[in-house]
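In: whatever this is, show me its structure:
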Amino acid sequence: TSVRHCCAPSVVCPSYARHRALVPLDSQTATELYRALDVVLRKYNKNQFVITKINCDQQFQPLMEDVEDDLGIRMNYAPRDEHVPAAERNNQMIGERIRVTYHSLPYKAIPKIMLWHLAMLSAWQLNLFPVKGRVSKYYSLCVIMGGRPLNYRKDLMFPFGTYVQATQRNEPTNTNAPRTIDAIYLRPMLNDQGGHEVMNLSTGMKISPNKVFELPVTDTVIKHVEAMAEAQGIKSLKLSNRRKTRFYPADWIAGVDYDPENPETYEDKDDEDYKYKASDDDDDSTISHDWSPQEWEDYRAELDAEF
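Out: Residues are numbered from 1 along each chain as shown. Okay, the predicted model is just below:
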């Protein structure tokens, strides 16, 4: 399963921001791309940022021509077979955050709704701290772009992928129906009063309860989440670009042998158990396991004196 990114366009203002935005796409049609771009542009316009230029690849030229005519924005297209460096680095950074969070989960595979929210959450978390050399040294881009200040109990108390019990209101209330449901935590609601977005384990749909309670994840829950992912054809996480080129972890550097077509077969032969082989230079006459307690004390005293 590939996670596709829609990067926030560059903003030209007295001291420009570097706000990251990610919008999940159902496809790469012009309609979907325009919808994703509209979401990002509305965010900037709402906070009174004037967008004068958008840097993008030539792939998006047919779509961007309409945007340029309607909004009066100058488009700066990258040369053929080249990309916007800032956008590429941004995608790689978000991809690394996604991969780190994914491998910290107890699930081997997760369904699409969890992948979408994992991607959006990874981009949102990069905006929670001030960016060096940008708009402000004290305020994060999340606050500058209209977000409220962070609250631990509302925004950071539950990590992504946590097994929780989510409260639900029954109508009527005086029945024996359960007051909570099994769910997987996705992210906090970005509103003033707080709330949570979770995945209902019974339906696989997103719901927004006002309260959740964290519980230890069980094998049954893990198998159920993996079964939901398998039903959608998801067996693992593979990040790729629009040309289906795989993004490999940054620690797989030159000199590390792995097959790009089948990286799961990678084995590090240097990690085999090391077996000591005695040599003629070994001299065990100094230390003897038959020493008396006094001899051991004298030997330790000599070592202490040397250091």
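
In: going along the chain, name the strands of the stretch 51-200 of the chain.
Out: Secondary structure of the stretch 51-200 of the chain, counting by DSSP state E, counting those that start in this stretch: strands at 53-56, 74-77, 163-167, 180-188, 196-200.

In: looking at the chain, which helix is longest?
Out: Longest helix in the chain, counting residues (DSSP state H): helix 85-103.

In: secondary structure element holding the nearest residue to Val131 once chain neighbours are set aside?
Out: Nearest non-adjacent residue to Val131, counting by C-beta to C-beta, 6 or more residues apart in numbering: Arg18, 5.3 Å away. Yep, even glycine has a C-beta here, placed from its N, CA and C like the rest. Assessed by DSSP states H and E, Arg18 sits outside every helix and strand.

In: just checking, Arg18 touches Met145?
Out: No. Counting by C-beta atoms under 8 Å, Met145 is not a contact partner of Arg18; they are 11.0 Å apart.

In: can you tell me the centre-most residue of the protein?
Out: Ile98 (2.5 Å; C-alpha atoms, centre = their mean).

In: quick one: it and Phe160, what's the gap?
Out: As judged by C-beta to C-beta, to the nearest Å, Ile98 and Phe160 stand 10 Å apart.

In: find the residues that touch each one of these two.
Out: Residues touching both Ile98 and Phe160 (C-beta atoms under 8 Å, 6 or more residues apart in numbering) are Leu118.

In: how about the longest helix of the chain: buried residues?
Out: 87, 90-91, 94-95, 97-99, 101-102 (16 or more other C-beta atoms under 10 Å).

In: now do it: which elements does it pack against?
Out: Under the contact definition 3 or more C-beta pairs under 8 Å, 6 or more residues apart in numbering; DSSP states H and E, helix 85-103 sits against strand 53-56, helix 112-125.

In: determine which stretch of those is the most buried.
Out: helix 112-125 (a mean of 20; mean count of other C-beta atoms under 10 Å).

In: distance from that one to the middle of the chain?
Out: Distance, stretch centre to chain centre, for helix 112-125: 6 Å (C-alpha atoms, centre = their mean, to the nearest Å).

In: what sits up against it?
Out: With contact meaning C-beta under 8 Å, 6+ apart, helix 112-125 is reached by 1, 3, 5, 20-24, 94, 97-98, 101-102, 110, 142, 160-161, 184, 186-187, 197, 199, 204-206, 225, 232, 234, 237.

In: buried ones among those?
Out: By neighbour count, with 16+ other C-beta under 10 Å, the contacts of helix 112-125 hold 1, 3, 5, 20-24, 94, 97-98, 101-102, 110, 142, 160-161, 184, 186-187, 197, 199, 204, 206, 225, 234, 237 as buried.

In: what about the closest residue to Lys46 other than its chain neighbours, distance to Asn191?
Out: Leaving aside its sequence neighbours, Lys46 sits nearest to Gly146 (C-beta to C-beta, 6+ apart; 6.2 Å). When distance is defined by C-beta to C-beta, Gly146 is 12 Å away from Asn191.

In: Val40 versus Val67, what's the distance?
Out: Val67 is 11 Å from Val40, by C-beta to C-beta.

In: hmm, I was thinking of Leu128
Out: 18 Å.

In: more neighbours: which of the two?
Out: With neighbours defined as other C-beta atoms under 10 Å, Leu128 and Val40 compare such that Val40 has more, 19 against 14.

In: tell me where this protein has helices.
Out: 30-46, 61-71, 85-103, 112-125, 141-144, 219-231, 293-306.

In: adding mean pLDDT and distance to Leu150, write these out as a markdown table.
Out: Formatted as a markdown table, those follow (pLDDT from 0 to 100; distance: least, C-beta to C-beta, whole Å):
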| stretch | mean pLDDT | distance to Leu150 |
| --- | --- | --- |
| helix 30-46 | 82 | 18 |
| helix 61-71 | 75 | 32 |
| helix 85-103 | 83 | 18 |
| helix 112-125 | 90 | 11 |
| helix 141-144 | 82 | 8 |
| helix 219-231 | 93 | 28 |
| helix 293-306 | 64 | 52 |
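
In: nearest to Asn210, out of those?
Out: Nearest to Asn210 among the helices of the chain is helix 112-125; the distance by C-beta to C-beta comes to 18.3 Å.

In: what is the orientation angle of the closest one with strand 180-188?
Out: 40 degrees (axes from the mean of the first three to the mean of the last three C-alpha atoms, to 10 degrees).

In: helix 112-125 versus helix 219-231: what angle between them?
Out: Using the same axes, to 10 degrees: helix 112-125 against helix 219-231 is 100 degrees.

In: any chance of the buried residues of helix 85-103 in CSV, plus distance to Tyr34?
Out: Listed next are the buried residues of helix 85-103 as CSV, based on distance: C-beta to C-beta, whole Å:
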residue, distance to Tyr34
Ala87, 18
Asn90, 20
Asn91, 20
Ile94, 21
Gly95, 24
Arg97, 27
Ile98, 25
Arg99, 29
Thr101, 29
Tyr102, 29
